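# I'll drop the sequence and a predicted model, then ask my questions.
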Amino acid sequence: MWAAVIDGSKDDMEVVSIASKLAVYAKSKLKIYFIVNITRKFPVDKELDKETNIAELRLDEVEAIPSGMKLSYQSEIIQARSKGSAILNITLQSNLESLVVALPENDLLDEKYIQYVIKNAKCKIVLCTNNL
């Protein structure tokens with residue numbers, strides 16, 4: 001199974017497009033994860049209506065890509081304090097071939113989470129960027 005991790009950024013469509021094409025090529029399935037970052041002022045399991053609605057709308061948009069390719073897919077919203085930990089948990093708990101994620105744009109904290117994921121993930125990581 002292939003996975004795409006999105007977070008509401010401008011790169012979401014590209015991430016899902018690349019993951020979908022690779023999953024089709026591999027004759028595999030796709031799982032799309034939207035990660036909602038929860039600040040410490042809320043319990044991690046508290047549902048935040050605004051953030052959940054944004055995630056659901058974005059998932060509706062990106063799901064058109066695998067659907068148009070007749071690719072079998074599922075999507076899920078994950079709430080987490082740390083994007084890196086959430087992605088790492090996905091790689092550890094799922095039977096993934098590879099995971100596609102966007103390379104952060106000029107954000108040092110996000111770059112650290114990518115390094116953390118690459119170092120500790122239990123599957124192949126495909127980084128994509130529109131920064132070129």
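Ah, there it is.
# can you find the helix or strand in the chain with the smallest mean pLDDT?
Lowest mean confidence among the helices and strands of the chain (mean pLDDT, DSSP states H and E): helix 108-120, at a mean of 75.
# can you give me the neighbour number for the closest residue in space to residue 44 that isn't next to it in sequence?
In this structure, residue 44 finds its nearest non-sequential neighbour in residue 38, 5.2 Å apart by CB to CB, 6 or more residues apart in numbering. The C-beta positions use only the backbone N, C-alpha and C, and glycine is treated the same way. For residue 38, the neighbour count with other CB atoms under 10 Å is 19.
# separation between residue 38 and residue 31?
21 Å (CB to CB, to the nearest Å).
# now do the helices in the chain.
Secondary structure of the chain (DSSP state H): helices at 12-25, 49-62, 64-68, 83-93, 108-120.
# out of these, nearest to residue 5?
Closest to residue 5 of those, according to CB to CB: helix 83-93, at 5.7 Å.
# which strands or helices does that closest one pack on?
strand 2-6, strand 30-37, strand 73-80, strand 98-102, helix 108-120 (3 or more CB pairs under 8 Å, 6 or more residues apart in numbering; DSSP states H and E).
# could you tell me the angle between it and strand 73-80?
For helix 83-93 against strand 73-80, the angle by axes from the mean of the first three to the mean of the last three CA atoms, to 10 degrees is 130 degrees.
# same question for helix 83-93, mean pLDDT?
When pLDDT is averaged along helix 83-93, the result is 88.
# buried ones in it?
By 16 or more other CB atoms under 10 Å, the buried positions in helix 83-93 come out as 83-84, 86-88, 90-91.
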